[in-house]
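> what follows is a predicted protein model with its sequence.
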Amino acid sequence: MKTSIATVSISGEFEEKLAAIARAGFDAVEIFENDFLAFDRSPAEVGQMVRDHGLAVSLFQPFRDFEGMPEPFRSRNFDRAERKFDLMAELGTDMMLICSNTSPVSLGGVDRAAEDFHALGERAARRGLKVGYEALAWGRHIHDHRDAWEIVRRADHPNIGLILDSFHTLSRKIDLNSIRTIPGDRIFIVQLADAPLIEMDLLYWSRHFRNMPGEGDLPVVAFMAAVAATGYNGYLSLEIFNDQFRGGSPDAISKDGRRSLVNLMDQVARAEPGIRIPVPAMPDRAKVSGVSFIEFAAGDAEERELEALFGVLGFDAVARHRSKAVTLYRQGEINLILNREEKGFANASYLVHGANAYAFGLMVDDAALAHARALKLGAEDFRQSVGPGELQVPAIRGVGGGIVYFLDQKSDLARIFDVEFVKIEGRPGVDADVGLTRIDHLAQTTRYDEMLTWLLFYTSQLDADKTPVVDIVDPAGLVRSQVVETRDGRLRITLNGAENRNTLAGRFIAETFGSGIQHIAFETNDIFATAAALAARGFNALTISPNYYDDIEARFGLDPQVVERMKLANILYDRDDAGEYFQLYSPTYGEGFFFEIVERRGYRGYGAPNAIFRIAALKRHLRPKGMPR
Ligand SMILES: O=C(O)c1ccc(O)c(O)c1
Ligand SMILES: [Mg+2]
């Protein structure tokens, strides 16, 4: 498969863009005219620069307001096109994109447009060039690929073809079967973009909100499956206009782009077998059956603090690592690992970020395959030397440079805790359990502009979906939250994107020097019993304002006695179509890390309406900056 990306999709100086695009593994770039015009090198030098980076120029674009113009505009347009043909020869590309006319003076008429294209085809043929026609979703007369195709068909010239752009077709919800009847060799190039579903003007949506396939909500897989079914085997070219990407890291955006195409084509090849586009074989997205463990890095000082905290939460130290300063704590199905090694990755993470939950293990169907897929998608491999008899657990770097381990039940990895740990025997009378059964969700906080990267990271590797974005109101600003979850809820990761550093989330990443796990939610089957057991162990739940309880009693029509019990235990409540949700929180530790305990009675959400109340409460607890602990 041949991949390409438009220069507008990436931020930076022209040469920076090329370098990042090349490093990410693309074959070609679409040169967007304005990027070129703003750059102070000659067309020939630009062409050479592109080739020096090992790239080709897939397309020169856009040429605007060409077809269906009255004189004198029509003649001028042909002259203008000839000038651009000169430029293309110097750049070293044979393909130009003409987008459908938006000019108020343009005349409609399929045949008039077809004649213009036929005449242009003659001129292009003399130069050995090709011209592709794209219907902009907001074109004045032509805004549907079916009409653009009709014009190309009637132009009846081998040097004139169709350009499809997923955004224009999908934003207008055009029947995708209409693509399947177009001959693949008449489609000159396919541009790909996704976008979040937002009701707004098509032009504005397109120019500001496009994102990489898989990052938005449009059915780009179905679109591309229809294109691939035509026999098309040309460039798969990303064309992403996105305000955030324009200010982002050229390397990160390029890598995301390349990952999005590999993931897209893997899904297309599965949906549409026998396509001509060669798609590298790779394992399917990994099925996750749960979070097997969460590992904390700490130093001596925090070790005792964390140990005490785990104890209060009802975790028991059940095993010690055979060769490392690592302890395993357990309750129900939950495994917490405390790593206070003075060398290795955990220690490095501790030195940079302070005590933090830097790693977690996912139980998948096949760890080796999950790891192999991740690497094919461009994930960074993680390996660390292992002692004699210890297992090399397949792993990759994740959010904030943390580690995601893959475990399974079918290999030796199933016995990791038996192989690497020694049981701590004989603690009679210790019955710490407060009824926590499993990890309900992990919450990772990132900068807002990294959110799409990590959403794509998870959803391209794991058989999990993303939920729509929810705005979390922090008294100091908005935090956007989006969840990656499996249908059965065995995996739930909430990603919280902080836009400013005054929010609880923003402060967390500012003070801990980067993104990471900010909270962990455990599940219980009886939150009232768990709350009582926790209190008996000396746990202080986060104090929720009494005002909250008056409100929920009225809002949900709850039994006042139940509300009174919730108030005493600082339990928050929410309800959706599927059921009820109860939550309680720990105070914050360190720079804003906390635990949550939830009981789900069928409920599928995350208590977003309660966020403002618990954030306000958490902030009351958070020590003022600069104060000693
Ligand atoms: O927003 C535009 O004008 C524009 C230009 C060229 C394209 O290929 C496109 O999809 C949109
Ligand atoms: Mg386009």
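Good, I have the coordinates. Ligands and ions are numbered 1, 2, ... in the order given.

> avg pLDDT for stretch 270-290?
When pLDDT is averaged over stretch 270-290, the result is 97.

> identify each buried residue in it, please.
Residues of stretch 270-290 classed as buried: Glu272, Ile275, Ile277, Val279, Met282, Pro283, Arg285, Ala286, Lys287, Val288, Ser289, Gly290 (neighbour count, 16 or more other CB atoms under 10 Å). Placement of C-beta: from N, CA and C, glycine included.

> show the average pLDDT along the top strand by length along the chain.
Ranked by residue count and defined by DSSP state E, the top strand of the chain is strand 436-447. The predicted model gives strand 436-447 an average pLDDT of 96.

> which of the buried residues of stretch 270-290 lies closest to ligand 2?
Each of the buried residues of stretch 270-290 was scored against ligand 2 by CB to the ion, and Ile277 proved nearest at 19.1 Å.

> list the contacts of the nearest residue to Ala228 once chain neighbours are set aside.
Spatial nearest neighbour of Ala228, chain neighbours left out: Ile275 (3.9 Å); criterion: CB to CB, 6 or more residues apart in numbering. Taking CB atoms under 8 Å, 6 or more residues apart in numbering as the criterion, Ile275 is in contact with Ala228, Ala229, Gly231, Val268, Ala269.

> give me the pLDDT for Pro388.
Per-residue confidence at Pro388 stands at 85 (pLDDT).

> that one and Leu328, how far apart?
With distances defined as CB to CB, to the nearest Å, the gap from Pro388 to Leu328 amounts to 20 Å.

> buried residues in stretch 436-450?
Neighbour counts over stretch 436-450 (16+ other CB under 10 Å) mark 436-437, 439-450 as buried.

> could these go into a markdown table alongside distance to Ile334?
Converted to a markdown table, those look like this (distance: CB to CB, whole Å):
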| residue | distance to Ile334 |
| --- | --- |
| Leu436 | 6 |
| Thr437 | 8 |
| Ile439 | 6 |
| Asp440 | 10 |
| His441 | 12 |
| Leu442 | 12 |
| Ala443 | 16 |
| Gln444 | 18 |
| Thr445 | 21 |
| Thr446 | 24 |
| Arg447 | 29 |
| Tyr448 | 30 |
| Asp449 | 32 |
| Glu450 | 28 |
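
> in the residues you listed, find the pair that's most separated.
Of all pairs drawn from the buried residues of stretch 436-450, the widest gap by CB to CB lies between Thr437 and Asp449 and measures 35.9 Å.

> can you give me the helices for the stretch 251-400 of the chain?
For the stretch 251-400 of the chain, applying DSSP state H, counting those that start in this stretch gives helices covering 300-312, 344-353, 367-376.

> which ones among the buried residues of stretch 270-290 also lie next to ligand 1?
By CB under 6 Å from any ligand atom, no member of these lies near ligand 1.

> and the residues you listed, which of them are in strands?
The subset of these located in strands under the criterion DSSP E comprises Val288, Ser289, Gly290.

> between these, which sits nearest Ile189?
Ranking those by separation from Ile189, with CB to CB as the measure, puts Val288 on top at 36.6 Å.

> how near is the nearest residue to that closest one once chain neighbours are set aside to ligand 1?
Spatially, and ignoring its direct neighbours in sequence, Val288 is nearest to Leu491 (4.2 Å; CB to CB, 6+ apart). Distance from Leu491 to ligand 1, counting by CB to the nearest ligand atom, to the nearest Å: 36 Å.

> can you give me the pLDDT of Leu491?
Predicted confidence (pLDDT) at Leu491: the value is 98.

> try Arg427
65.

> just Leu18 next, same as before
Confidence at Leu18, expressed as pLDDT, is 96.

> ditto for Ala135
Confidence at Ala135, expressed as pLDDT, is 98.

> the nearest residue to it once chain neighbours are set aside and ligand 2, how far apart?
Spatial nearest neighbour of Ala135, chain neighbours left out: Ala148 (3.9 Å); criterion: CB to CB, 6+ apart. When CB to the ion, to the nearest Å is applied, the distance between Ala148 and ligand 2 equals 12 Å.

> now Asp201
Distance of Asp201 to ligand 2, given as CB to the ion: 17 Å.

> buried residues, stretch 599-610. List them.
The neighbour-count check on stretch 599-610 (16+ other CB under 10 Å) flags Glu599, Arg600, Tyr603, Gly605, Tyr606, Gly607, Pro609, Asn610 as buried.

> dump the buried residues of stretch 270-290 to JSON lines, plus distance to Glu71.
Formatted as JSON lines, the entries for the buried residues of stretch 270-290 read as follows, by distance: CB to CB, whole Å:
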{"residue": "Glu272", "distance to Glu71": "46"}
{"residue": "Ile275", "distance to Glu71": "45"}
{"residue": "Ile277", "distance to Glu71": "43"}
{"residue": "Val279", "distance to Glu71": "48"}
{"residue": "Met282", "distance to Glu71": "55"}
{"residue": "Pro283", "distance to Glu71": "60"}
{"residue": "Arg285", "distance to Glu71": "56"}
{"residue": "Ala286", "distance to Glu71": "62"}
{"residue": "Lys287", "distance to Glu71": "63"}
{"residue": "Val288", "distance to Glu71": "64"}
{"residue": "Ser289", "distance to Glu71": "69"}
{"residue": "Gly290", "distance to Glu71": "70"}
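
> and which of those is nearest to ligand 1?
The shortest distance between ligand 1 and any of those, using CB to the nearest ligand atom, involves Ile277 and amounts to 20.6 Å.

> contact partners for that closest one?
Under the criterion of CB under 8 Å, 6+ apart, the contact list for Ile277 reads Met1, Ala228, Tyr232, Asn233, Leu236, Met265, Val268, Ala269.

> got a winner among the residues you listed for most neighbours?
If you count neighbours using other CB atoms under 10 Å, the busiest of those is Leu236, which has 28 neighbours.

> give me the nearest residue to whichever residue of the stretch 501-629 of the chain sits closest to ligand 2, chain neighbours excluded.
Among the residues of the stretch 501-629 of the chain, Ser515 lies closest to ligand 2, at 32.4 Å counting by CB to the ion. In space, and not counting its chain neighbours, Ser515 is closest to Gly400: 3.5 Å by CB to CB, 6+ apart.

> that neighbour touches Thr453, doesn't it?
No - checked against CB atoms under 8 Å, the pair Gly400 and Thr453 is beyond contact range at 11.4 Å.

> one step back: so what's the residue nearest to Ala135 up against?
Applying CB under 8 Å, 6+ apart, we find Ala148 in contact with Ser100, Tyr133, Glu134, Ala135, Ile142, Leu162.

> rerun at 10 Å
67, 98-100, 110, 113, 132-136, 139, 142, 162-164, 168 (CB atoms under 10 Å, 6 or more residues apart in numbering).

> these in helices, which ones?
Val110, Ala113, His168 (DSSP state H).

> for ligand 1, see how far away the residue nearest to the last one when sequence neighbours are not counted is.
Spatial nearest neighbour of His168, chain neighbours left out: Ala137 (4.3 Å); criterion: CB to CB, 6+ apart. Distance, Ala137 to ligand 1, by CB to the nearest ligand atom: 8 Å.

> how close does Ala137 sit to Arg207?
For Ala137 relative to Arg207 (CB to CB), the value is 11 Å.

> more neighbours, the two?
The neighbour count for Ala137 versus Arg207, taken as other CB under 10 Å, is higher for Ala137 (20 against 13).

> would you agree that one is in contact with Ala193?
No - the pair Ala137 and Ala193 fails to qualify as a contact (CB atoms under 10 Å) at a distance of 11.5 Å.

> list residues touching both of these two?
For the pair Ala137 and Ala193, residues contacting each of them under the criterion CB under 10 Å, 6+ apart are Asp165, Phe167, His168, Leu170, Ser171, Ser206.

> returning to that earlier point: so for Gly400 and Thr453, which residues contact both of them?
In the contact map built from CB under 10 Å, 6+ apart, the residues linked to both Gly400 and Thr453 are Thr446, Arg447.

> need phi/psi at Asp175.
phi -50, psi 120 (degrees, to the nearest 10).

> alright, I will stop here.
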